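after the sequence you'll find the predicted model.
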Amino acid sequence: MKKDWPLWEVFVRSKNGLEHRHFGSLHATDAVMALENARDVYTRRNEGVSIWVVESKYITASNPSENGELFEPAKSKVYRHPTFYKLPDELKHM
Amino acid sequence: MTENEIKNLEEIFEARIARDEKIEPKDWMPEKYRKSNIRQISQHAHSEVVGMLPEGNWITRAPSLRRKVALLAKVQDEAGHGLYLYSAAETLGISREEMYEQLHSGKAKYSSIFNYPAVTWADMGTIGWLVDGAAIINQVALCSTSFGPYARAMVRICKEESFHQRQGYEILLTLCRGTQEQKAMAQDALNRWWWPSLMMFGPIDAESPNTEQSMKWKLKRKTNDELRQQFIDQTVPQAEILGITIPDPDLKWNEEKKQYDFGEIDWDEFWQVVKGHGPCNKERMDARVSAWEEGNWVRDAAMAYAEKQHDKKLKDVG
Ligand SMILES: [Fe+2]
Ligand SMILES: [Fe+2]
């Protein structure tokens, strides 16, 4: 029998009030082992208070070659930014 | 893809590198860039993993509980470093198993320093001081490497390395302030580890075939000779504090260049060790291969258990 352990992505919340952030990946047979390994590999120095693991194959990623279609339209929408609106200097608190 | 399209992509890629943009795993990259990264990152990972062997050997013989917990934590960190790096390499499409296979078959190299034996407790101090010290210089330079996952792994690793070097230096400081025999033990360790540590930076620039391309792609940020010089310049004063002598009669401060001149490195010895004829090459590989093979049934059993649990859950739901 020969079956390689699947890959998992690890997300860690470094302290309450902050979001979980991608820390890296590791191999484990199941979610329980992935959590245990994540604790040993990524939080040996109090780097976290909460861990999420998800098997890498369940992540759908956008393709960088489509970045043009995906992200460029936002570039021309300058009216979404406060600096687009010309207001007098005397105006305060806005 | 036509030749023209590839050329166009190559130009975009080179421009991104020139702008100091990071390259991420799914971005288009020249095949050679991918391969060079896989080679460099996996060899780095192998070095972390094989590097545990000379020190792991001393954990049970550490002279106090304080020394033991520190050494244990250091060796555990090195395992972690290996894992961060293997994961970074995997994002480029090589599997963990393939990388192990390359290590175990001798196809992939690891740092030649780990093919030297650690024969006394002073070696634990010297490895931390010099070997981790040299690794830090290498790794700090790599924190700005162009491949994102590699650079991120390096930042994490650099944060963890500093204690490795300090715990090693503290061991030597204690020995050097101890009895005559203890100090002699520290001197003996320095005599044996000094030259191999200088070799850790690799061949001189003129004879390093990959350096030029690696610098161009910002895979490497400083050349072997630059890093080696930096190491020597910062290490000499540290040896003076310990009161032990670096085994190089030609080592001398050069006031004009504001750096140390040093003697000829024995490159024949370096190539011998790289080619597999160092004092411990065989021992290290035997230890790795047997750990992998003897752990096989455990890995299989864990996988079988996980699958069984999974099937059981499905059945319960059904
Ligand atoms: Fe390390
Ligand atoms: Fe280290």
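Structure's in. What do you need? Ligands and ions are numbered 1, 2, ... in the order given.

tell me the pLDDT of the residue in chain A positioned nearest to ligand 1.
For chain A and ligand 1, the shortest gap (C-beta to the ion) falls at A:Arg44, measuring 12.8 Å. All C-beta spots, glycine's among them, are computed from the backbone N, C-alpha and C. Looking at A:Arg44, its pLDDT reads 93.

so what's it up against?
A:Arg44 sits next to B:Ala73, B:Gln76, B:Asp77, B:Gly80 when contact means C-beta atoms under 8 Å, 6 or more residues apart in numbering or on different chains.

so which strand or helix has it?
Under DSSP states H and E, no helix or strand contains A:Arg44.

one step back: which members of the contacts of A:Arg44 additionally contact ligand 1?
Filtering these for neighbours of ligand 1 using C-beta under 5 Å from the ion leaves an empty set.

tell me which two in the residues you listed are the farthest apart.
Across those, no pair lies farther apart than B:Ala73 and B:Gly80, at 10.3 Å, counting by C-beta to C-beta.

more crowded one of those two?
B:Gly80 (19 against 15; other C-beta atoms under 10 Å in any protein chain shown).

surely that one is in contact with B:Glu160?
Yes. Using C-beta atoms under 8 Å, B:Gly80 makes contact with B:Glu160 at a distance of 7.4 Å.

is chain B contacted by the biggest helix by length in chain A?
What stands out as the longest helix in chain A, according to DSSP state H, is helix A:31-42. Yes. Counting by C-beta under 8 Å from any C-beta of the partner chain, contacts between helix A:31-42 and chain B involve A:Met33, A:Asp40, A:Val41.

extract the CA atoms of the next helix-or-strand element following that helix and return them as PDB.
As assigned by DSSP H and E, the chain's next helix or strand after helix A:31-42 is strand A:50-55. Extracted in PDB, the C-alpha atoms of strand A:50-55 (Å, rounded to 0.1, in the frame of the first residue of the first chain):
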ATOM      1  CA  SER A  50      -6.600  29.800  17.100                       C
ATOM      2  CA  ILE A  51      -5.800  27.600  14.100                       C
ATOM      3  CA  TRP A  52      -7.800  26.700  11.000                       C
ATOM      4  CA  VAL A  53      -6.800  23.900   8.600                       C
ATOM      5  CA  VAL A  54      -8.300  23.100   5.300                       C
ATOM      6  CA  GLU A  55      -7.200  20.500   2.800                       C
END
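
pLDDT-wise, which helix or strand of chain B ranks last?
helix B:211-216 (a mean of 87; mean pLDDT, DSSP states H and E).

which residues touch it?
Helix B:211-216 has contacts (C-beta under 8 Å, 6+ apart) with B:Ile17, B:Lys32, B:Ser36, B:Gln40, B:Asp205, B:Lys220, B:Arg221, B:Thr223, B:Asn224.

identify the residue spatially nearest to the third one, adjacent ones excluded.
Closest residue to B:Ser36 in three dimensions, ignoring its sequence neighbours and counting by C-beta to C-beta, 6 or more residues apart in numbering or on different chains: B:Leu219, at 6.1 Å.

quick one, what contacts the one you found?
B:Tyr33, B:Ser36, B:Asn37, B:Gln40, B:Thr145, B:Ser146, B:Phe147.

go ahead and confirm the second one touches B:Trp217.
Yes. Under the criterion of C-beta under 8 Å, B:Ser36 lies in contact with B:Trp217, with a separation of 7.2 Å.

returning to that earlier point: check which helix or strand the residue nearest to B:Ser36 maps to.
With DSSP H and E as criterion, B:Leu219 is part of no helix or strand.

what about it, distance to B:Gly93?
17 Å (C-beta to C-beta, to the nearest Å).

please enumerate the strands of the chain.
Here I'm looking at chain A. Taking DSSP state E as the test, the strands found in chain A are A:7-13, A:20-27, A:50-55.

not quite, I wanted chain B
B:252-254, B:259-261.

point out the most buried one among those strands.
Of all those, strand B:259-261 carries the top mean neighbour count, a mean of 15, counting by mean count of other C-beta atoms under 10 Å in any protein chain shown.

chain center to it, what's the gap?
A distance of 25 Å separates the C-alpha centroid of strand B:259-261 from that of its chain, computed with C-alpha atoms, centre = their mean, to the nearest Å.

point out where the chain drops to low pLDDT.
Unless you meant another one, I'm taking chain A. A:1 (pLDDT under 70).

that's the other chain; I wanted chain B
For chain B (pLDDT under 70), the answer is B:318.

show me which residues of it are close to ligand 2?
Residues of chain B lying near ligand 2 (C-beta under 5 Å from the ion): B:Asp132, B:Glu161, B:His164.

repeat the analysis, applying 8 Å as the threshold.
By the rule C-beta under 8 Å from the ion, the part of chain B lying against ligand 2 is B:48, B:51, B:74, B:77-78, B:81, B:128, B:131-132, B:135-136, B:157, B:160-161, B:164-165.

so which of the residues you listed are also by chain A?
Near chain A, by the rule C-beta under 8 Å from any C-beta, you find B:Asp77, B:Glu160 out of those.
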